[in-house]
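# Structure for the following, please:
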Amino acid sequence: MEHCCTKCGKLTTKKNDSLFVCEAGHENWINPAVGAIVYVIKDNKVLFGVRSVEPNSGKLSLPGGFVDVNETAEQAAIREAKEELGIDVVLQTCLGTYATTYDSRPILNVVFVASSQSQSVTPGDDLNGGEPVWREVESLPAPVELAWDWYQTAQKDLLAWWRRDQDQSASGMSKTN
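Reported below is the predicted structural model:
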C-alpha cells in the first residue's frame, strides 16, 4: 500500500509498521486509534449486546468504541456502555490492552471490567441487533458466537481475573483492582 506524505504529498518509504518517510525527510507516523471496551458483570454474569450492523451483524459484542478527542479511555468506556446498552457502569479494573485492526485500521483496545446496578438494559447504537445476552462468567460464548476474534484472548484474561478475584474473596483477602 502506497502512502503519501501528509506534509508535502510525496510518496513515502516504509521504515517500520508505524513509520513512513518521504524523500524530503518528513516522518509520517501511523499510530493506532484507541478503543475502550467494557465487560459488565452482574450476579456472576457478563452482559453481551448483539451487533446490528456489519461487520459481524448478529454476533455477540461488548459495549465499546473509539475514544474521542479530550476523553480518557475510562470516560469512553462509561459513555459507550450508556450509548450501546443504556446502562450506567462503575469501572472496577483495567483488564488489559489488545492490539487489533478494524477495517484495516490499527486499533489498541483498552478493556475494562465494570459493575452495574441497572435493572433494565436498553440496547442502542450498534448493539441493538437483538435481546442482550447474559452469560455466566464460567460459561462465556464460543468463538463462533463472538463478533471479534480478539475477544477470545480477552475472555481468557477475564476468566483468569475472575478466578483470582474469587480465590481472594474466598480466602478473606480484600479485592485488588
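# longest helix anywhere in this structure?
Longest helix of the chain, by residue count under DSSP state H: helix 151-170.
# which helices and strands sit right next to that one?
Contacts defined by 3 or more Cβ pairs under 8 Å, 6 or more residues apart in numbering; DSSP states H and E place helix 151-170 against strand 33-42, strand 90-102, strand 105-115. For every residue, glycine as well, the C-beta is placed using N, CA and C.
# hmm, who's touching the longest one?
This means strand 90-102. Residues outside strand 90-102 that contact it (Cβ atoms under 8 Å, 6 or more residues apart in numbering): 32-33, 35, 38-39, 41, 74, 77-78, 106-116, 148-150, 153-154, 157-158, 161, 177.
# Contact partners for the residue nearest in space to the middle of the chain?
The centroid of the chain falls nearest to Ile37 when counting by Cα atoms, centre = their mean (2.9 Å). Ile37 sits next to Leu62, Pro63, Gly64, Ala77, Glu80, Asn109, Val110, Val111, Phe112, Ala154 when contact means Cβ under 8 Å, 6+ apart.
# On the pLDDT front, check Ser174 for me.
Ser174 carries a pLDDT value of 48.
# Also His26?
Residue-level pLDDT assigned to His26 equals 96.
# Helix, strand or coil: sort out Gly9 for me.
Three-state call for Gly9 (DSSP: H, G, I helix; E, B strand; the rest coil): coil.
# Can you select the buried ones among the contacts of strand 90-102 for me in PyMOL?
In PyMOL, this line selects whichever of these come out buried by 16 or more other Cβ atoms under 10 Å:
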select buried, resi 32+35+38+39+41+77+78+107+109+110+111+112+113+114+116+148+150+154+157+158+161
